[in-house]
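Student: sequence unavailable; structure follows:
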């Protein structure tokens, strides 16, 4: 299913603007002996989009046998799960990974930076402040902080340590001190000469160099490579493709809200005028544009999309097959709202805490407001559309008078009330019946009638023959 959605979205992107290649596929003649440096940027909030771009970058770097990977970073942080995934792919990389902190490597950015083999910072840059906070900036409960503390420590420990023996003293010297990494999360950590309790640790460039969290100071990537001892090289840069840009555009809450309006509006108009096709087509396209980027971003899951589809099916059954509006219709509405709402929330690590409920409420509020505006706009548009002079040709306003020879239907139907016959197809609720060796379109009054059962005509109204099952 993921491949199908990716194929549809990719073709849509190509139709708007052809996707450019991320890198050159071949190395120019005469440059075979140069080191290949693959560079990509993390300059926005760390989330599913950045994780996907990072994964693509590492895949491309391995594909072209790059010698080095450089991350050009300037971020205030983001989602812990996405940062942890990026950290893991860096730690498992066989290609050396350097990071150039252009200005900020805060929170999740600090975790990613510490995972890299070497850290380089611009003068005036900062690294640290990795306390886990909610959307309002307040620290979350300690169970989340404990996980982040452990992750920061283990990431620093990966880089190893030296055992220095001086006389009778044995000193463990870490390449990156795990306790310093932990102090970037926990304000209770005290390190003499570095940080007092009650404060979260953040290093400037010179401080980071002094305590082993920065290998050098540089103004740009060229200086980073010079400091790293890489002289003869060629840089391959990851460029955000049209597909990535479109996905980023479509997951914007405003655009998501507009797509929900089109989905609900299309369904509403299709139910009001069955068979027209265009409203349903618009709703289907809007649903694809709504769910596809969220699915590729890792937010919408298969079961959430299935819930939405089942909701649509239940409403269709309620309107076209089951008289009235009952359990199926209400269930359909609930499932549609549930599917649209949960698709906006990252529930891979969903926990029932204050922050999770806040995210869920915001998503629910967006869906409900969009649905309300869509219904209001659809009702208003429906009343204005056909009354406009531009679309007046769609309305049949001529009067067909009886004295001029116009009649509604044949009078024989009025004489059929009380006659009995047999259902030649299943009536659910409409179908075919046979009465006096003639076949008629008919509709059962309630429920459904199986093929072959005896029926009796009970009324004829609005050009429709109504029957019910004949009780024996």
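Tutor: Arrived safely, thanks for sending. For clarity, every value in this text was computed on a predicted model and none was experimentally measured.
Student: then residue 66 would be within a helix, right?
Tutor: No. Secondary structure of residue 66 (DSSP: H, G, I helix; E, B strand; the rest coil): coil, not part of a helix.
Student: so what's the residue count around it?
Tutor: Look at residue 66: counted by other C-beta atoms under 10 Å, it has 23 neighbours. (Each C-beta comes from the backbone N, C-alpha and C, glycine too.)
Student: find the nearest non-adjacent residue to it, please.
Tutor: Nearest non-adjacent residue to residue 66, counting by C-beta to C-beta, 6 or more residues apart in numbering: residue 38, 4.1 Å away.
Student: what bridges to that neighbour?
Tutor: residue 69, residue 236 (DSSP bridges).
Student: so where's the longest helix in the chain?
Tutor: The helix that spans the most residues within the chain, counting by DSSP state H, is helix 354-385.
Student: please parse the chain into its domains.
Tutor: 35-241, 251-385, 410-469 (automatic domain parsing).
Student: take these and lay them out in TSV including mean pLDDT.
Tutor: Shown next, in TSV, are the domains of the chain (pLDDT from 0 to 100):
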stretch	mean pLDDT
domain 35-241	90
domain 251-385	79
domain 410-469	83
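Student: from the chain's centre, how far out does stretch 434-448 sit?
Tutor: 48 Å (C-alpha atoms, centre = their mean, to the nearest Å).
Student: cool, stretch 150-163 as well?
Tutor: With C-alpha atoms, centre = their mean, you get 34 Å for stretch 150-163.
Student: list the helices and strands the longest helix of the chain packs on?
Tutor: helix 253-272, helix 327-342 (3 or more C-beta pairs under 8 Å, 6 or more residues apart in numbering; DSSP states H and E).
Student: would you mark the buried spots in the last one?
Tutor: Going by neighbour count (16 or more other C-beta atoms under 10 Å), the buried part of helix 327-342 is 328, 329, 332, 333, 335, 336, 337, 338, 339, 340, 341, 342.
Student: again, but for the first one
Tutor: Using 16+ other C-beta under 10 Å as the test for burial, helix 253-272 gives 256-270.
Student: next, the angle helix 327-342 makes with that helix.
Tutor: Orientation check (axes from the mean of the first three to the mean of the last three C-alpha atoms, to 10 degrees): helix 253-272 against helix 327-342 gives 160 degrees.
Student: neighbours around residue 461, how many?
Tutor: Residue 461: 8 neighbours (other C-beta under 10 Å).
Student: in this protein, which strand is the longest?
Tutor: strand 97-106 (DSSP state E).
Student: and the helix or strand just after it, how far out from the chain middle?
Tutor: Next helix or strand after strand 97-106 toward the C-terminus (DSSP states H and E): helix 108-115. In terms of C-alpha atoms, centre = their mean, the centre of helix 108-115 is found 25 Å from the chain centre.
Student: what's helix 108-115 in contact with?
Tutor: 42, 46, 71, 73, 75-80, 82-84, 86-87, 90-91, 97, 99, 101, 105, 119, 127-130, 148, 151-152, 155-156, 158, 176, 181, 184, 213 (C-beta atoms under 8 Å, 6 or more residues apart in numbering).
Student: export the helices and strands packed on helix 354-385 to a markdown table and tack on distance to residue 206?
Tutor: What follows is the helices and strands packed on helix 354-385, written out as a markdown table (distance: least, C-beta to C-beta, whole Å):
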| stretch | distance to residue 206 |
| --- | --- |
| helix 253-272 | 40 |
| helix 327-342 | 47 |
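Student: among those, which comes closest to residue 465?
Tutor: helix 253-272 (23.9 Å; C-beta to C-beta).
Student: quick revisit: tell me which of the helices and strands packed on helix 354-385 lies nearest to residue 439.
Tutor: Using C-beta to C-beta, these put helix 253-272 closest to residue 439, at 29.4 Å.
Student: any idea which helix or strand comes after that closest one?
Tutor: Next along from helix 253-272, by DSSP H and E: helix 278-296.
Student: tell me the angle of that following helix relative to helix 354-385?
Tutor: Using the same axes, to 10 degrees, helix 278-296 lies at 160 degrees relative to helix 354-385.
Student: ok now the very next helix or strand once past helix 278-296, how far from the chain's centre?
Tutor: Using DSSP H and E, the helix or strand that follows helix 278-296 in sequence is helix 302-320. Distance of helix 302-320 from the chain centroid (C-alpha atoms, centre = their mean) equals 20 Å.
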